[in-house]
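Novice: below: sequence and its predicted model.
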Amino acid sequence: MSSYYPGLTPRRATTASDLLNDAEYAAGRIDAGIALLSDPEVLKAFRITNRAMAAAARRREAQRLGCKPAEVDPPRWRPFQIAYILMTLRGIDDPGHGDRDIVDLLFFPTGGGKTEAYLGLIAFTLLLRRIRGQGAAHEGRGVAVLLRYTLRLLTLDQLGRAATLMCALEELRRRSP
C-alpha cells in the first residue's frame, strides 16, 4: 500500500487510499445525478428548485440590506452545495435505490452553507413528488421531510430559512400552477 504513496506510513497510506476511493465513489454519484437530469420531470424539479432557492436567498439578503429583492445580486451555489444535491438525486428519484441507505454528512463551519444545501434537497424532493403526483391522493401531498434540531437558537434560524423557501415555492406555484 505505501508503495503507491511514497513517504507515507502504512497507516496513512491506507487512509489516503480510503479517502481517494470515497472521493471516486462520490464523483460517481454526482455523475449519476447529472445524468438523471435527462429525465424531464427531474430536470423540471431541479430548475424550479434553483428558482425557489434564488428567490429565497434574494429575499433574505434584501431584508438584511434593507432593499428590494430585485436589487440583490443573483446568488450562486457553493460547489459542495450543488455537488451534495446532485449526488443525492438518485435516492430521491427512486425510493428503492441503494443511496437511501447512505447517510451523507455535511461538515462545514457555521456560515458555510450547509442549510442551503439541505434546503435545496428538500425543495427538490417536494417538487418532484408534486410533479409526479406522489403522496396523499396522488397529488404530491403528505409528509415528505422531517426536520429535527437540537439547539433552540438554531431552530429559530432554520425555521425562518425553511419558511422563506416554502414561501418562494408557493410564489412560483401561484405564478405557474
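Specialist: Cool, the structure landed.
Novice: now do the helices in the protein.
Specialist: Counting by DSSP state H, the chain forms helices over residues 10-36, 40-65, 79-93, 114-132, 152-175, given from the N-terminal end onward.
Novice: show me what the first one is packed against.
Specialist: For helix 10-36, the elements it packs on are helix 79-93, judged by 3 or more Cβ pairs under 8 Å, 6 or more residues apart in numbering; DSSP states H and E. For the C-beta atoms, the positions are set from N, CA and C on the backbone; glycine is no exception.
Novice: about what we covered before: ok, of the helices of the chain, where does mean pLDDT dip lowest?
Specialist: Across the helices of the chain, helix 152-175 has the smallest mean pLDDT, namely a mean of 87.
Novice: report the distance from that helix to the chain centre.
Specialist: Centroid displacement of helix 152-175 relative to its chain, using Cα atoms, centre = their mean, to the nearest Å, is 15 Å.
Novice: nearest to Ala144 among the helices of the chain would be which one?
Specialist: Distances from Ala144 to each of those were compared using Cβ to Cβ; the shortest belongs to helix 114-132, at 5.5 Å.
Novice: so which residues make contact with the closest one?
Specialist: Residues lying outside helix 114-132 but in contact with it, judged by Cβ atoms under 8 Å, 6 or more residues apart in numbering, are 41-42, 44-46, 48-49, 52-53, 56-57, 77-78, 80-81, 84-85, 88-89, 92-93, 106, 108, 135, 139-140, 144-145, 158, 161-162, 165, 169.
Novice: understood, closing this out.
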